[in-house]
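K.L.:
Just a sequence and a predicted model for now, questions to come.
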Amino acid sequence: MKNYGLLTLAFLVSCTPPISVKERTRNFASLQEESEIVIKYISYKNGQAIVDKISPARWAGDKGGFSDGGRQDALIKFFSANTRIKSNSGQKHEACFVGLAQQVQKKFFDQSNPQHAVRDLVGNVPQTKASSDGMLLGLKFDVRINGENKERSYFFRLPNCLAGKSPIDDSGDYQVGSVFKDKFDINKFELHEMAEKEIYGNKRDIAQVATNAGFVINDTPAIPSGKKLPNFELRLEKNSNKAAEVYPWKNGSVKDEIGAMKLGMVLQKYIYENMANQDPTNPDQNFIAQKNTKRLFCHTPWLNVGPSGREGIHGMTKERDLKPSTTMDVYAQATAGSDWGISFYNAPGCNTIANVYGTAKAPKAKPDFTQAVFPKDTFAAKLLFTTADFPNIKGAYTWNSNVSEPGSTFRSVKAVRHIQMDITVNDSTIKGSNPALNNWIMYTYYYDPNFDYDKEYKKDLGPNPLASIPNLPKSLLKMRPMGVQYGFGEADGIIFHGAQTNGVGGRLNGPADNPKGSCLGCHGTSGIEGRAMVPGFLSNKEWMPKAKHLDFSQQFALGKRNFETSFDTKK
């Protein structure tokens, strides 16, 4: 099988030796240069990556470039590298572009240019939609079916090579997919059944996207007999409780390690209460937002599309593949696995998300991203799981989810282990938070079988506040607080004693993250045109001139891309 796509997407990478800040900081002005506009098709054979850079001139047929048949073969490869389709070999491959999506539209898929025509396509050239940040391109093309007097429609999203947590073109995480011969017959092209939700029939109106398209979960797990697993439903509503909630993090401090550790435990308890202990006998029945009657938690729409879109049991999206860490002992011997995550927002966050998208019962036909500014007291937690299985994480909190492995898009129900949790909160009363960054602070926690609160924390913090939560799974007591980050620089955070980080220059970053970046540095890129998530921003000074953003929300950034590149799914 093959592919991931975006949303995840898209989030892949490899561990590489440390490089300098100068080397890590890319000059994104070069994305505007004509010479930089290419589509890359990467295959991976015998341990070597083979990168085919397709320039606009070559695409248009100049100097022995592609014919309309060559463009058809290439388009099919791009499609197969970014959708869930039936594979006919074990070849690994990926496709992405360099430049901005709007430039790729003009230089490769101009419907008025006969040199961009693709054989057997209705209208000759695919229809396209570009995301406003230039990081994603949606393509729809209709194919004439020989001898049947009808057409078949196909749709996929082509990502920017820098769109995810890892650059696609140098990650080594190439996807398994079909190998196509020069004389590939598109009329015999078969699709994996899981791609059906992304393929639309003939004579569709592509002017508008179905109102609820971003709220529907396009995933149907094959639940093994005897398994009592939930059916994920996206929750998004505005807070109807008029009573003012008392937020336990008020007037906390991240100015010193002890204060930051205390605050970290408070935040951890906030997400675990009435979420982690919903069913003391079945871990799969915990963290269901609809079951929490004490505190509103909700999800973000438009993370449901593409090969990395939400799976149907817990609503997780596919992220970066797990890699061995060079700085974290517990994860130094990590085996191959794909990482999956789900986020929860509290009531103030839910209100903002609903202002952007509407609610699950009344979605907006067109999201309003001008409303993507979170108020104070917004809290979000993201739980990350991996399909990897190695001795150091045997005792981790475990779910069963409908997931795919690295290098595959074929999904099946299997065990995934909880290795990381990220928490972010926005509150000006927290001492040490930075008003220039909207007072956002970020915490990371990771599974460490050796973590012992009483031996390591009790002397400084007193009794474990998590011990007061009834029926809390014991494995969650092994989620070690790593530290806190309140700015982009190396000095803008604290790594707690006993913990190890996976971030560049000692910055906050978990085992599931790209070691070339940091938590806040990645989130600071949300909504900024042409800016890669990794390394993201490495200093406050670097970020300030670019501070056009979606309030540090990559979920808004990804949802916005997915909406802007969607074609109609109605009728």
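P.N.:
Cool, got the structure. Residues are numbered from 1 along each chain as shown.

K.L.:
In the protein, mark out all the helices, start to finish.
P.N.:
Assigned by DSSP state H, the chain shows helices spanning 21-24, 56-59, 68-80, 101-108, 257-272, 347-357, 453-456, 458-461, 519-523, 540-543, 554-564.

K.L.:
And the residue lying closest to Asn282 once chain neighbours are set aside, how close does it get to Thr281?
P.N.:
Excluding the flanking residues, the one nearest Asn282 by Cβ to Cβ, 6 or more residues apart in numbering is Lys228, at 6.1 Å. C-betas here are computed from N, CA, C, even on glycine. Per Cβ to Cβ, to the nearest Å, Lys228 is found 10 Å from Thr281.

K.L.:
And the two? Which one has more around it.
P.N.:
Ranked by neighbour count (other Cβ atoms under 10 Å), Lys228 and Thr281 place Lys228 first, with 11 against 7.

K.L.:
could you measure the closest residue to Leu472 other than its chain neighbours against Val425, distance?
P.N.:
Leaving aside its sequence neighbours, Leu472 sits nearest to Asn277 (Cβ to Cβ, 6+ apart; 5.2 Å). Between Asn277 and Val425 the distance is 21 Å, computed by Cβ to Cβ.

K.L.:
any low-confidence regions in the stretch 1-150 of the chain?
P.N.:
1-35, 47, 84-92, 146-148 (pLDDT under 70).

K.L.:
Spit out the contact partners of the closest residue to Thr386 other than its chain neighbours.
P.N.:
Nearest non-adjacent residue to Thr386, counting by Cβ to Cβ, 6+ apart: Gly337, 4.3 Å away. The neighbourhood of Gly337, defined by Cβ atoms under 8 Å, 6 or more residues apart in numbering, consists of 321-322, 386-389, 405-406.

K.L.:
so of those residues, which ones are in strands?
P.N.:
Among the contacts of Gly337, the members found in strands (DSSP state E) are 321-322, 386.

K.L.:
Give me the more crowded residue out of Asn277 and Val425.
P.N.:
Set Asn277 next to Val425 and count neighbours by other Cβ under 10 Å: Val425 wins out with 26 against 16.

K.L.:
The more buried one contacts Trp249, doesn't it?
P.N.:
Yes - using Cβ atoms under 8 Å, Val425 makes contact with Trp249 at a distance of 5.9 Å.

K.L.:
between those two, what contacts are shared?
P.N.:
With Cβ under 8 Å, 6+ apart, Val425 and Trp249 have common neighbours 267, 379.

K.L.:
ok, back up a step: between Lys228 and Thr281, what contacts are shared?
P.N.:
Contact criterion Cβ under 8 Å, 6+ apart; residues shared by Lys228 and Thr281: none found.

K.L.:
Report the contact partners of the closest residue to Phe66 other than its chain neighbours.
P.N.:
Spatial nearest neighbour of Phe66, chain neighbours left out: Trp59 (5.7 Å); criterion: Cβ to Cβ, 6+ apart. Contact analysis of Trp59 by Cβ under 8 Å, 6+ apart lists 39, 65-66, 71, 74, 107-108, 116.

K.L.:
Just among the residues you listed, which is most surrounded?
P.N.:
Using other Cβ under 10 Å as the neighbour test, these are led by Phe108, with 28 neighbours.

K.L.:
check contacts around it.
P.N.:
Listed by Cβ under 8 Å, 6+ apart, the contact set of Phe108 reads 39, 56, 59, 116.

K.L.:
Sketch out the low-pLDDT regions of the stretch 151-300 of the chain for me.
P.N.:
Across the stretch 151-300 of the chain, the ranges flagged by pLDDT under 70 are 164-209, 242.

K.L.:
Mind listing the strands the top strand by length along the chain pairs with, and their directions?
P.N.:
Longest strand in the chain, counting residues (DSSP E): strand 412-426. When pairs are called by DSSP bridges, strand 412-426 turns out to pair with strand 378-386 (antiparallel), strand 398-403 (antiparallel), strand 440-447 (antiparallel).

K.L.:
tell me which residues in it are buried?
P.N.:
413, 416-426 (16 or more other Cβ atoms under 10 Å).

K.L.:
Report the mean per-residue pLDDT for it.
P.N.:
Averaged over strand 412-426, pLDDT sits at 96.

K.L.:
now the strands for the stretch 151-300 of the chain?
P.N.:
Secondary structure of the stretch 151-300 of the chain by DSSP state E, counting those that start in this stretch: the strands cover 175-176.

K.L.:
so who does Asp110 touch?
P.N.:
Asp110 neighbours (Cβ under 8 Å, 6+ apart): 116, 125.

K.L.:
ok, so what distance separates it from Ser566?
P.N.:
In terms of Cβ to Cβ, Asp110 sits 21 Å off from Ser566.

K.L.:
For the closest residue in space to Cys350 that isn't next to it in sequence, name its beta-bridge partners.
P.N.:
Nearest non-adjacent residue to Cys350, counting by Cβ to Cβ, 6+ apart: Cys298, 4.1 Å away. As for beta bridges, Cys298 partners with Tyr345 under DSSP bridges.

K.L.:
What is the burial count for Cys298?
P.N.:
Neighbours of Cys298 using other Cβ under 10 Å come to 25.

K.L.:
can you pull the contacts of it?
P.N.:
235-237, 289, 344-345, 349-350, 353-354.

K.L.:
Most neighbours out of those residues, which is it?
P.N.:
Counting neighbours by other Cβ under 10 Å, Ile353 leads the contacts of Cys298 with 28 neighbours.

K.L.:
okay, now the domains of this protein?
P.N.:
Domain segmentation of the chain under the TED database yields 36-159, 257-566.

K.L.:
looking at the ones you listed, which is buried most?
P.N.:
By mean neighbour count, with neighbours taken as mean count of other Cβ atoms under 10 Å, domain 257-566 ranks first of the domains of the chain at a mean of 21.
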